[in-house]
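# here you go, sequence then predicted model.
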Amino acid sequence: MNVLSLFDGISCGQLALQRAGIKVDNYYASEIDKYAMKITKQRFPETIFLGDVRLLKKEMLPRIDLLIGGSPCQGFSNCGAGENFNDPRSKLFFDFLRLKREVSPKFFLLENVKMKKEWLEIINNFMGVNPLFINSSVMSAQNRQRYYWSNIYMKRPPADKSIFLTDIIDSGVVDKEKSYCITACEARGTNPQYYFSKRKRQLIFEQKEGRFLITEDHLEKVKNIWSLLGNDPETLQQERLGEKIKIEGISYRKLNPQECEKLQTLPLGYTEGISNSQRYKTIGNAWTVDVLAHIFSFLKEEK
């Protein structure tokens, strides 16, 4: 099977095909991020890199059996500015569409974020199929809601593996069963006030020396964390500072790169060899491997 992967990233598609037991003869990757490409070269040295998707033409390719890609989602994401196809990154969807028409693959798969209904319907019309909607939470410890447009017939939805955030963290306690969706911005970290109000960039709480500020509305959540630690929250010394409450004895941290790898069902250490900031970025832009592997497993029945 010849595979063409657009916006290949760290080649989660290649890893998913391997995990699904699909034999790949040639894997062609269109990618421009040098850090993502470094990871792919380390893990899959036989990968054939083709550069910028905008410059890719049919004449440069052999017969393609499977076309895959997760075009940049910033224009469609609820976390973005909502520019949809006006966002230059999300316009790259049309290069996926162009190459789908030019190479006429036997199978195709496009992934993108949960989006407004009107944008979804536009993509449905262009792709000619309605998408599968899968939350990575069924196969990982992360809530990651994604659409998958494909002509691969998935006979069964993925079974729930019952993997929870507590199963993948190295230390500490958490206030929820599943992590918030990790993104390319994960390296920035956050603070409890932002975390509880914005509901993003997962935090891990630990009992250490030090203190942080948190809004009064979120005190109950912090109390729950203290309860898990075996402390009586009612005995905590509290000092009101306007609308904020200072609570001593709790510290917090962001997910480390290894934990993010586990959230994406990547092999532990898969992204080693680049800086931590680039690891967070490439992992946040990646696919959840086991979700793709489940979809690809049905290719065996399609041949």
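Noted; the coordinates are in hand.

# spatially nearest residue to residue 93, not counting backbone neighbours?
Distances taken as Cβ to Cβ, 6 or more residues apart in numbering place residue 71 nearest to residue 93, at 4.4 Å, with adjacent residues excluded. C-beta coordinates here come from the backbone N, C-alpha and C atoms, glycine included.

# correct me, but that neighbour touches residue 110?
Yes. Under the criterion of Cβ atoms under 8 Å, residue 71 makes contact with residue 110 at 6.9 Å.

# tell me, what's touching these two both at once?
By Cβ atoms under 8 Å, 6 or more residues apart in numbering, residue 71 and residue 110 have these common neighbours: 93, 96.

# what's the neighbour count on residue 161?
Residue 161 has 14 neighbouring residues, counting by other Cβ atoms under 10 Å.

# where does it fall, phi/psi-wise?
In terms of degrees, to the nearest 10, the main-chain angles of residue 161 are phi -90, psi -10.

# got it, and residue 111?
According to degrees, to the nearest 10, the main-chain angles of residue 111 amount to phi -120, psi 140.

# how near is it to residue 144?
In this view, residue 111 and residue 144 are 11 Å apart by Cβ to Cβ, to the nearest Å.

# what does residue 279 give?
With Cβ to Cβ as the criterion, residue 279 and residue 144 are 18 Å apart.

# what sits closest to residue 67 if chain neighbours are left out?
residue 105 (4.1 Å).

# specify the local secondary structure of residue 259.
helix (DSSP: H, G, I helix; E, B strand; the rest coil).

# and if you look at residue 29?
State at residue 29, reduced to three classes by three-state DSSP: strand.

# tell me which element the nearest residue to it once chain neighbours are set aside falls in.
If the residues on either side of it in the chain are set aside, residue 29 comes closest to residue 8, at 3.8 Å by Cβ to Cβ, 6+ apart. If you go by DSSP states H and E, residue 8 is not part of any helix or strand.

# residue 262 too?
When secondary structure is defined by DSSP H and E, residue 262 falls within helix 257-263.

# quick one: the strands in this protein?
For the chain, strands defined by DSSP state E occupy the ranges 2-6, 26-30, 48-49, 66-69, 107-113, 132-135, 145-150, 203-215, 238-241, 244-254.
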